[in-house]
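Novice: Starting from these lines, generate the structure:
(one chain, ligands or ions: 1)
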Amino acid sequence: MPYQAQVRETGKVIDLRDGESLLDAATRQGVTAIHRGCRGGGCGVCKVRVLSGAYALGKCSVAVLPPDERGVGFVLSCKTFASTDLVVSTEAESQDR
Ligand code: FES
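Specialist: All right, here's what the predicted structure looks like:
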């Protein structure tokens, strides 16, 4: 079942196809607020924070998405697959370390 992801800062709504990552959907619809990098869960460029909604997360590098960030909703959008509608934030940068 397709879902939607809304980008809080812009109000832009991204349509998510079945099995499509948040990043791929954003790219397909020209949403540049979510940045595109390796697409493999390794670089962290596509990191956003999910403010509401449920999702499955594929394999992500612990170096760029440590457990404490994951625990408060940060995700790598290239490895994020929605299971409900989502609201995401592109502004809430993680604590760079
Ligand atoms: S694009 Fe590199 S981790 Fe998502």
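Novice: Can you name every helix or strand that the longest helix seen in the chain contacts?
Specialist: The residue-count maximum for a helix in the chain (DSSP state H) belongs to helix 22-28. Packing partners of helix 22-28 (3 or more C-beta pairs under 8 Å, 6 or more residues apart in numbering; DSSP states H and E): strand 3-7, strand 13-16, strand 80-82. All C-beta atoms are positioned from the backbone trio N, CA, C, and that covers glycine.
Novice: buried sites along that helix?
Specialist: Judged by neighbour count using 16 or more other C-beta atoms under 10 Å, the buried positions of helix 22-28 are Leu22, Leu23, Asp24, Ala25, Ala26, Thr27.
Novice: interface residues of the chain facing the ligand?
Specialist: Residues of the chain lying close to the ligand by C-beta under 6 Å from any ligand atom are 23, 36-39, 41-46, 76, 78.
Novice: And the strands in this structure?
Specialist: Remark: strands assigned in the chain by DSSP state E are 3-7, 13-16, 47-52, 55-57, 74-76, 80-82, 86-89.
Novice: in the longest one, what's buried?
Specialist: Within strand 47-52, the residues that count as buried by 16+ other C-beta under 10 Å are Lys47, Val48, Arg49, Val50.
Novice: Just the C-alphas of the longest helix of the chain, formatted as CSV.
Specialist: Coordinates of each C-alpha in helix 22-28 appear next as CSV, following Å, rounded to 0.1, in the frame of the first residue of the first chain:
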residue,chain,number,x,y,z
LEU,A,22,12.2,7.5,1.0
LEU,A,23,15.2,8.8,-0.8
ASP,A,24,14.3,7.2,-4.1
ALA,A,25,10.8,8.6,-3.9
ALA,A,26,12.1,12.1,-3.0
THR,A,27,14.5,12.0,-6.0
ARG,A,28,11.8,10.7,-8.3
